[in-house]
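S.K.: give me coordinates for this.
(chains A and B)
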Amino acid sequence: MCGRSERARGPMTGSSMTTDVAITGMGVISAAGANLTETLASLRAGERNAAPVTLFDTALRNPVFEVRGDLPASRQMGMRSVALALVATEEALQDARLRDGLGESRTGVCFGTTVASQLNDTDFYKEFRAKGSAPPEAIDRFLRCNVAEAVSRAVGASGPCCTVTNACTSGADAIGIALSWLRNGICDVAIAGGADELNHIPLCGFASLGILSESLCAPFDEKRDGLNLGEGAGVLVLERTTSAKSRGLDPKLFLRGYGAAADAYHLTAPRPDGAGLDSAMRWALAEAGLTTDEISFVNAHGTSTRDNDSVEATVLARVLGDSISFLSTKGYTGHTLGAAGAIEAVFSAAALRERWVPSSAGFSEKGEDVCIAPLTETIPVDGAHAMSTSLGFGGNNAALVISAGDGLRNGISDR
Amino acid sequence: MNVVGIGVVFTRGRGVDALESALQEGWVPPSPGCSSSGSAGIPAYRVPEDAYADKVTARRLRRADRFSRIATASALAAVRESGLELETTQESVGLILATAFGPHVTNFRFLDDTLEFGEALGSPTTFSNTLHNAAASHIASLVGVRGPTLTVTSFTFAFHEALVLAEAWISEGRCSHVLVGAADVCGSVMEYACGEKLTIATDGKIRPFALAPSPTAVPGEGSAFLLLTGEDAPQRHCRVSARHETPSSVAAAADVILLDADGTVGDESGYLELVEPNTTLAAYTPLFGSMLTGSSIHAAIAALMLRNQVCYASPVADNPHGLAVCAAMEQMEQGKLQRIDCIRLDCDGRSRRIVLQS
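M.R.: Numbers count the residues shown, from 1 in each chain, chains lettered A, B, ... in the order given. Next comes the predicted model:
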């Protein structure tokens, strides 16, 4: 059974601390849409834009979620992950009314990624293997495409700069790092998120692990048989609430808590008892100053693999109760790896703002090993607090708590 | 933050004893070749297997790649040196591993698999070790880290950012201890890239005080870790912090400045603007080689210098600018060596420093 239990330890936070960091901008790009407006329409319509790979040559025919349309060449810098990051960043900065410049603020940039942290260039390596040399342009491209450094340069940021490469929790961790930066006065504004392109090498890697589905993924479902890879980027502009107000903004969304914990168990499998995820969720809740019954919904990691979904559902029920509303959005975006946690944080914040949350795409029948079922239909959001959870290879677990301010809770959104 | 443990794995061995020995013995020539094939193209400071192989951990690391083994050996050395039993502590222990290139050798090995056997027929074990955070996962598992565990990457300041974040985590109570370190390894593609992008010192000598527009490099590999706690905890070695400020010149407060000059970032003449004429300079990059995360090893050396109150001789002290270089080992009066700054420049001329204080 998946009973609720109380946490044993956690951070010491005061109520004044928990709304000290505002979300003033959001940007997102994925197979579900090139911006947040498109994405929300796509999610509401239940679109699942998956198909075999078109971006590169491969014999693997598993469905993937590619971003449709051309990305602006000026933003590519030779690496698709950076282009995705810059598209989402531009939207988030515009949303935050910072598109015209960051002014004198110390702006930090923190991005999660997996693909962009390696010289994942098959053509370069093929030639190097064959000849012992290859065009050094590939090396130059790699060296100038550290995602956070590339975004920082592009927007003229002057604060801390960090690329997190923590497998599938990278995007959530990047946002959590930005929260620490802001709360410790390391920067005034933070551009935080994740970006990952669909790439041949991880496609081969996940195929070798035997966890790519040959059909559309079905998170938490009895018939789930693996994940679909995707690509995209999600970005939040975070700033101290006082700083946002000084710019004339009236923040309505807040990043309140971040918890991260290691399983210290296995390189690719989650700890069966979910102790790491449990700890991360409870830490995030305590940091947010919230109790378990105050969470309205969870945007779960929900990859559609047997292990992840079973462990995650068990922990969601244990920490938040059997009746918690939760969903996986991987059925709309695919698994975007280092971007996933950030894209899903954007989805969580947007759901609080828009006051609805979509169904868990691909789900129809609860797996025997899955103790609670995700949402099967779009529902209105009544509460004020959401959680986004991420699990990753290496045994990483991360949880973010996002809250709506009074204006949104009372239905007085100006957006 | 207080430094309570130091661990290092480099070309001359593992642990503070090996580091002290190397500092006392000075420069030795590198071996030929960046990769295990031992190609004779470029000299490099490779880490020998006995510096990271460990009977105690051999079974649990049997599936780990060389990058993970080197990083894990270094992290474990820091924990052992601290004398703390992190596995049994009830407090929250965090881990941050910084790297510039991560397990790139394993990534290319996985590519070899897919090219030779087919797209879906690569080794799953090899693929799981291609992840940058595989090393941190191995460390977390062996040390018993249950708190936040991160791997961060950048091409110059990854270790600096890791220190800044560790300080934030300790300050906000997220962690009582943070194991912060860096690791990078050499390989055949790296050898090719170094040959293409850097000026390699054919005599094997990095000359850190040349501070030339086109400095020479000798690729290196290794790892260093510091185990950190808050300043209210007992201090074992020294205090440390990383600064974001980029002053036009470093304040004269430092007793010694360690220059991270190693030939990896192009024009190094910018260092000349960052040092006061009379401040004692030292650089130990010739002991471990050119590494974008070499600041971590310099930070470990600085912590040792403060503990031992010794300014070790710079192993290659060629000094064309007439700087105040520490060219001979000097045992200081107790308490005289109070502060050491480690300074690093990036390719764009930006600087960062790590400040270590008694």
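S.K.: which stretches of chain A aren't confidently modelled?
M.R.: Scanning chain A for pLDDT under 70 picks out the ranges A:1-17, A:73-77, A:409-415.
S.K.: in it, which spans are strands?
M.R.: Taking DSSP state E to define them, one finds strands in chain A at A:21-30, A:107-112, A:161-164, A:189-196, A:232-240, A:253-262, A:295-300, A:325-328, A:356-357, A:379-380, A:385-392, A:396-404.
S.K.: nearest the middle, which residue of chain A would you pick?
M.R.: Chain A has A:Gly341 as the residue nearest its centroid, 1.9 Å off, counting by CA atoms, centre = their mean.
S.K.: chain neighbours aside, what residue packs nearest to that residue?
M.R.: A:Ala172 (2.9 Å; CB to CB, 6 or more residues apart in numbering or on different chains). For every residue, glycine as well, the C-beta is placed using N, CA and C.
S.K.: so B:Gly7 bridges to which residues?
M.R.: Counting by DSSP bridges, B:Gly7 forms beta bridges with B:Phe225.
S.K.: helices of chain A, start to end?
M.R.: Using DSSP state H, the helices of chain A run over residues A:36-45, A:80-95, A:122-131, A:137-143, A:147-155, A:170-183, A:200-209, A:241-246, A:275-288, A:306-320, A:330-333, A:340-354, A:406-409.
S.K.: backbone dihedrals for A:Phe363, please?
M.R.: Phi and psi for A:Phe363, reported as degrees, to the nearest 10, are phi -90, psi 130.
S.K.: would you check that it makes contact with A:Ala373?
M.R.: Yes. Counting by CB atoms under 8 Å, A:Ala373 is a contact partner of A:Phe363 at 7.2 Å.
S.K.: more neighbours, these two?
M.R.: Between A:Phe363 and A:Ala373, A:Phe363 has the larger neighbour count (other CB atoms under 10 Å in any protein chain shown), namely 27 against 17.
S.K.: run through the residues that contact that one.
M.R.: A:Ala218, A:Pro219, A:Phe220, A:Asp221, A:Ser328, A:Gly331, A:Ala373, A:Pro374, A:Thr376 (CB atoms under 8 Å, 6 or more residues apart in numbering or on different chains).
S.K.: what's the second one in contact with, if anything?
M.R.: A:Pro219 makes contacts with A:300, A:302-304, A:309, A:328, A:330-331, A:360-363, A:374, as judged by CB under 8 Å, 6+ apart.
S.K.: nearest to B:Leu115, of these?
M.R.: A:Thr303 (27.5 Å; CB to CB).
S.K.: follow-up on the earlier one: need the strands of chain A in TSV with distance to B:Ser358, can you?
M.R.: As requested, those are arranged in TSV below (distance: least, CB to CB, whole Å):
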stretch	distance to B:Ser358
strand A:21-30	36
strand A:107-112	31
strand A:161-164	29
strand A:189-196	34
strand A:232-240	34
strand A:253-262	33
strand A:295-300	47
strand A:325-328	52
strand A:356-357	55
strand A:379-380	60
strand A:385-392	39
strand A:396-404	36
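S.K.: for these, which one sits closest to chain B?
M.R.: Chain B lies closest to strand A:253-262 among these, at 3.6 Å (CB to the nearest CB).
S.K.: quick one: the closest one near chain B?
M.R.: Yes. Using CB under 8 Å from any CB of the partner chain, strand A:253-262 reaches chain B at A:Ala260, A:Ala261, A:Ala262.
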